[in-house]
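Participant: The following block contains a protein sequence and its predicted model.
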Amino acid sequence: MDKLSFVGKSLPRKDALIKVTGRAAYADDREFAGMLYAAAVRSPRPRIKILAISDAKARGIPGYVTLVTYKDIKGVNKWPVVMQDYPFLPEKEARFAGETVALVVAQTAAAAKAAARLVEVKYRELPFIEDPLKALEKDSIKIYGKDNIISSFVIKKGAVDKAFDNAAYVVEGEFSTNYQVHAYLETQGAIAVPETDGGVTVHSSTQCPFYILDAVAAALGLPYHKVKILQTVTGGGFGGKEDVPALVASHAALCAAKTGRPVKLIYGRKEDFQSMSKRHPGWARVAYGADKKGRLTACRVKYVLDGGAYATLSPIVLWRGTVHAAGPYKIANVSIETYAAATNKVPCGAFRGFGQPQICFAQESLIDELAAKIGMDPVEFRLKNMLAPGDKTVTGQKINSSCGLKELVRTVRKRSGWDKKTQNSKLKTQNSAGIARGLGFSATYYGVGLGAKGRYLDRAGALVNIYKDSSVCVNVGNTEMGQGALTVLAQIAAETLNAPYESVRVEEVDTSKVPDSGPTVASRTTLMSGNAIIDAAGPLRERIFKTAFDLLVLKGARASGPMTAARGVFSMGGKSVTFREVTAECWNRRHKMSEQGWYAAPRTTFKMEDGQGDAYVIYSYSADAAEVEVDLKTGVTKVLKIWAAYDVGKIVNPRLATGQAQGGILQGMSWALYENLVYKNGIMVNPNFTDYVLATTADKPEYDITFLEKPYAGGPYKAKGMGEVPLIGVAPAVANAIANACGARVRSVPLLPEKVWKELKK
Amino acid sequence: MHNSKTSSFSLHCLVNGRKIEREIPSSHSLIDFIRLDLGLKGTKEGCGEGECGACMVLLDGKAVNSCLMMAVQIEGRELITIEGIKGKAGGLHPLQKTFMAEGAVQCGFCTPGFIIASEALLRRKPKATLEDIKLELTGNLCRCTGYEKVLSAVEKAIGK
Ligand code: FES
Ligand code: FES
């Protein structure tokens, strides 16, 4: 390919104008004639047997319309997600406080909410489990299956016990991490509009319209072609709008089916906290062994996630955590054993990083402890053991040439001034005010896409349509949720067709226009939809380029030199034609100007029995350094600066990529330091932004971000995946920086002042 | 508890430069008035409890969280919502331009609130420093951007 015209440039965001003017229509901004409003009736206790549900009092609310319970479900009362254990509405038992047990419909949103409060649920309390480790004990009460285990995986390689016996250095530690709430600024919401043929159209704030298609069709008992899902402008997702919007949308659809009217269901912030998915709390015991020379020889991990009351995505989240549990290192002897345990709390699911941040915090903290024990610089130690092209991961997968991990580590070491700051101990000692400074490091890898566990979903379609006026419309199955998909995919389409960027429009997803393209998760959109667009645009490109050549010849161009195509113009032998002229001629010639594209991820070889084989097709990489100040009197940590370097393949839009990096870093830092969701006796105590603290402008660190683009031949214009990588390594870098500053090794996230202070007093 | 008879209120105010006279339910919060009675959907509700700033509007030139006020409280006052934010000669406001140019917009749900809060600051302190901006915007949550580009967008709009 000659020079790129559109890919690799910081072109303006397609959706920026509607967003800065307040014109973007999110779910709650859409109105339909005759629309009614739904509100959820929620279980008040962690585990109940439902005896009766009565709307006798609710009927007194002016504008009250009806109550919707499981009895109104015409289809199957089973949400079709992974394990199929979650009913759309419970029949006998509700399994966590906040679970929707019924819905009310009314003329206004306020009336619906008031009525929902008056619906009486008669119940008997059942014994419940709050602690996932207790759930795994043999004599615990059983709330899920035979053993409270939702899912479990192993990775076995080499002879682990022997390797630990022979190791010159061994470290072991227990680590834990708390929930993280997505806190997308737009709460969950959907509108279901009944169609005259008995079908339904659902407008939903979502990352995964095809999951909603599955769910609504199941709940209503409709064939797929009578269900249409339209994605609304989506106010943030981060994994929180992967699976659960299907539940919200199905509830709206059930209400619409019962009333025959459009029904809007928009969540309040509190119920969004209480009932929507979260990052799983994690617990891990990790051990590493190294030989005399400081080479990692053994790793043992036991990793437990608190799955909550239903499986939802826990098996897949756990699998990703399992595969990445030992860190980005070459280790010959590995034993990893992981569990997702059921508890009577909110079901946890996808959150940026997907089961990796929890275990990465544990293993990257422990790597620092091991380096200290050996007496090596932690960055040197990492470099010595780190994966490079040709090496094998713990699952036995050979790393290919698209791996810049070592360069990332060296870049961050240099840019952060690591050597000077950590080796010259004067620089990091405390100042007179009792503030200590420290620097911490981490390195991570991330399997892009769904990998072996999600291989059947790992495909995507695209429809590229060129109109007579030369404007281009692209339909894809992956969504824009703020990350910039509409822009990046338009750049890829423009590049492939040599169409001016301004003339390309990528639509929000409409499930009736493009085949099931899987979820918009796992940093897979650029890769999957990008490749599908290139596939669709390929034949169009051929016709356009051929026609352009003909036109140039007609114009008298000397056909001696090659034709060039750049920025929407075709040139040869001193003559040129525009994309517009060429497409007009294509239409004159009655060429087919619309094409469908498809991309399926290559096969993976992973075996679930021993956890060996290729887990993912390709990996992205990151290295982070954090500089912190710790107040020794209070234990309060402030992050001053984060240096990060990423290898995510070719960067399609540098400005957007930097924005993804900064946002991911801050989300990681906020989780590491502040975000602390509390449960007491099975009830969430702080479901609001006053008591659940998020980082603000005042907490923002300085960012120093570098991209090293290791091209991936299988990616669109050699791109890999970007979205999730920046969050994963932040927490351990901050924890390691705190330890470096003041010796306090905190093994639990969030790294609250009281925890730091307690370590300082030891 | 909900009343069976909702009392109404006749509200007079200036909204985005236009005189408004409306009979509204007196139970309506300011954000209800804006979104439901006026149909101006650019003002967003992120929490409903004064914690996120997504619902900010200018009331007599000052930024307020519209979810925390009752509509009746704006009787006789001047309201500007994101729909009323414009450049001096019409068209885009400098803040809207710099938010776009800097890449301060991702999902965009926080954006109207940030633009309102920043405009209130710039009206009060046309030469605001980066520290001023950081402090002023602590009441606006953004989960997407990491704030860096938002802050640089506001900085760049100063003096424009
Ligand atoms: S909606 Fe008003 S402050 Fe959040
Ligand atoms: S851009 Fe999404 S919350 Fe700010």
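Facilitator: Nice, thanks for sending it over. Residues are numbered from 1 along each chain as shown, chains lettered A, B, ... in the order given. Ligands and ions are numbered 1, 2, ... in the order given.
Participant: Who are the contact partners of the closest residue in space to B:Leu36 that isn't next to it in sequence?
Facilitator: For B:Leu36, ignoring the flanking residues on the chain, the nearest one in space by C-beta to C-beta, 6 or more residues apart in numbering or on different chains is B:His28 at 7.1 Å. In this view, the C-beta of every residue, glycine as well, is placed from N, C-alpha and C. Contacts for B:His28 (C-beta atoms under 8 Å, 6 or more residues apart in numbering or on different chains) come out as B:Leu36, B:Asp37, B:Met70, B:Ala71.
Participant: In PyMOL, how would I select the buried members of those?
Facilitator: Only the buried entries of the contacts of B:His28 go into this PyMOL selection, using 16 or more other C-beta atoms under 10 Å in any protein chain shown:
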select buried, chain B and resi 36+37+71
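Participant: Do you have the helices of chain B handy? List them.
Facilitator: With DSSP state H as the criterion, chain B has helices at B:30-32, B:94-102, B:111-124, B:130-136, B:148-157.
Participant: Give me the angle between the last one and helix B:111-124.
Facilitator: When axes from the mean of the first three to the mean of the last three C-alpha atoms, to 10 degrees is applied, the directions of helix B:148-157 and helix B:111-124 differ by 40 degrees.
Participant: what about helix B:148-157 and ligand 2, any contact?
Facilitator: No. Using C-beta under 6 Å from any ligand atom, we find that helix B:148-157 stays clear of ligand 2, coming within 7.6 Å at best.
Participant: Which other helices and strands does that helix contact?
Facilitator: The contact analysis (3 or more C-beta pairs under 8 Å, 6 or more residues apart in numbering or on different chains; DSSP states H and E) places helix B:148-157 against helix A:654-673, helix B:94-102, helix B:111-124, helix B:130-136.
Participant: Can you mark which positions in the second one are buried?
Facilitator: Across helix B:94-102, burial judged by 16+ other C-beta under 10 Å covers B:Pro94, B:Leu95, B:Gln96, B:Lys97, B:Thr98, B:Phe99, B:Met100, B:Ala101, B:Glu102.
Participant: what's the closest of the residues you listed to A:Asp631?
Facilitator: Within the buried residues of helix B:94-102, the smallest distance to A:Asp631 is 32.7 Å, found for B:Glu102 (C-beta to C-beta).
Participant: Please report the distance of the closest residue to that closest one other than its chain neighbours from B:Tyr147.
Facilitator: Nearest-residue entry for B:Glu102: B:Ala153, 4.0 Å, with adjacent residues in sequence omitted and distances by C-beta to C-beta, 6+ apart. To B:Tyr147, B:Ala153 is 10 Å away according to C-beta to C-beta, to the nearest Å.
Participant: next one: B:Thr98
Facilitator: As judged by C-beta to C-beta, B:Thr98 and B:Tyr147 stand 15 Å apart.
Participant: again, but for A:Tyr703
Facilitator: A:Tyr703 sits 10 Å away from B:Tyr147, going by C-beta to C-beta.
Participant: And A:Lys406, by the same measure?
Facilitator: The gap separating A:Lys406 from B:Tyr147 is 31 Å, by C-beta to C-beta.
Participant: Pick out whichever of the two has more residues nearby.
Facilitator: For A:Lys406 versus B:Tyr147, neighbours defined as other C-beta atoms under 10 Å in any protein chain shown are more numerous around B:Tyr147 (27 against 17).
Participant: Can you name the residues of chain B that neighbour ligand 2?
Facilitator: Residues of chain B lying close to ligand 2 by C-beta under 6 Å from any ligand atom are B:Val105, B:Gln106, B:Cys107, B:Gly108, B:Phe109, B:Cys110, B:Cys142, B:Arg143, B:Cys144, B:Thr145.
Participant: what's the most distant pair in the residues you listed?
Facilitator: Using C-beta to C-beta, those span at most 13.0 Å, a distance reached by B:Val105 and B:Arg143.
Participant: So, low pLDDT: which residues of the chain?
Facilitator: No chain in the question, so chain A it is. Counting by pLDDT under 70, the ranges of chain A that qualify are A:1-2, A:424-430.
Participant: was after chain B, sorry
Facilitator: Along chain B, the parts satisfying pLDDT under 70 run over B:1-6.
Participant: In it, which residue sits nearest chain A?
Facilitator: Ranked by C-beta to the nearest C-beta, the top residue of chain B for proximity to chain A is B:Gly42, at 2.1 Å.
Participant: Backbone torsions only: list them for that residue.
Facilitator: Per-residue torsions, B:Gly42: phi -70, psi -20 (degrees, to the nearest 10).
Participant: tally of neighbours for it?
Facilitator: Around B:Gly42 there are 24 residues (other C-beta under 10 Å).
Participant: so how far is A:Ser471 from it?
Facilitator: Per C-beta to C-beta, B:Gly42 is found 27 Å from A:Ser471.
Participant: Check which residues of the longest helix that chain A contains are buried.
Facilitator: Secondary structure of chain A per DSSP H: the longest helix is helix A:525-554. Neighbour counts over helix A:525-554 (16+ other C-beta under 10 Å) mark A:525-537, A:540-541, A:543-545, A:547-549, A:551-552 as buried.
Participant: for the helix or strand harbouring A:Gly461, packing partners?
Facilitator: Taking DSSP states H and E as the definition, A:Gly461 sits inside strand A:459-466. Applying 3+ C-beta pairs under 8 Å, 6+ apart, we find strand A:459-466 packed against strand A:472-476, helix A:485-497, helix A:525-554, strand A:594-600.
Participant: So A:Ile155 belongs to a helix, correct?
Facilitator: No. Counting by DSSP: H, G, I helix; E, B strand; the rest coil, one finds A:Ile155 to be strand, located in no helix.
Participant: That one: neighbouring residues, count only.
Facilitator: A:Ile155 has 24 neighbours, counted by other C-beta under 10 Å.
Participant: now the one 5 residues further on
Facilitator: If you count neighbours by other C-beta under 10 Å, A:Val160 ends up with 21.
Participant: Distance of it relative to A:Gly294?
Facilitator: Separation of A:Val160 from A:Gly294 (C-beta to C-beta): 19 Å.
Participant: my read: A:Asn465 touches A:Leu497, true?
Facilitator: No. Using C-beta atoms under 8 Å, A:Asn465 is not in contact with A:Leu497; the gap is 11.3 Å.
Participant: what sits opposite the residue nearest the centre of chain B in the beta ladder?
Facilitator: Closest residue to the average C-alpha location of chain B: B:Val57 at 2.6 Å, with C-alpha atoms, centre = their mean. Beta-bridge partners for B:Val57, by DSSP bridges, are B:Val64.
Participant: pretty sure it contacts B:Leu38?
Facilitator: No. If you go by C-beta under 8 Å, B:Val57 and B:Leu38 don't touch, sitting 11.1 Å apart.
Participant: doesn't A:Ala40 fall inside a strand?
Facilitator: Yes. Using three-state DSSP, the secondary structure at A:Ala40 is a strand.
Participant: Skipping adjacent residues, who's closest to it in space?
Facilitator: Using C-beta to C-beta, 6+ apart and skipping the chain neighbours, the partner closest in space to A:Ala40 is A:Thr100 (4.3 Å).
Participant: Tell me, how many residues neighbour that neighbour?
Facilitator: 22.
Participant: could you measure it against A:Thr69, distance?
Facilitator: Distance from A:Thr100 to A:Thr69, counting by C-beta to C-beta: 10 Å.
Participant: For the two, list the residues in contact with both.
Facilitator: Taking C-beta under 8 Å, 6+ apart as the contact rule, A:Thr100 and A:Thr69 both touch A:Leu89.
Participant: Now the residue of chain A positioned farthest from its centre. Nearest residue, chain neighbours left out?
Facilitator: Taking C-alpha atoms, centre = their mean, the residue of chain A most remote from its mean C-alpha position is A:Gly556, at 53.4 Å. Spatial nearest neighbour of A:Gly556, excluding adjacent residues (C-beta to C-beta, 6+ apart): A:Lys575 at 6.5 Å.
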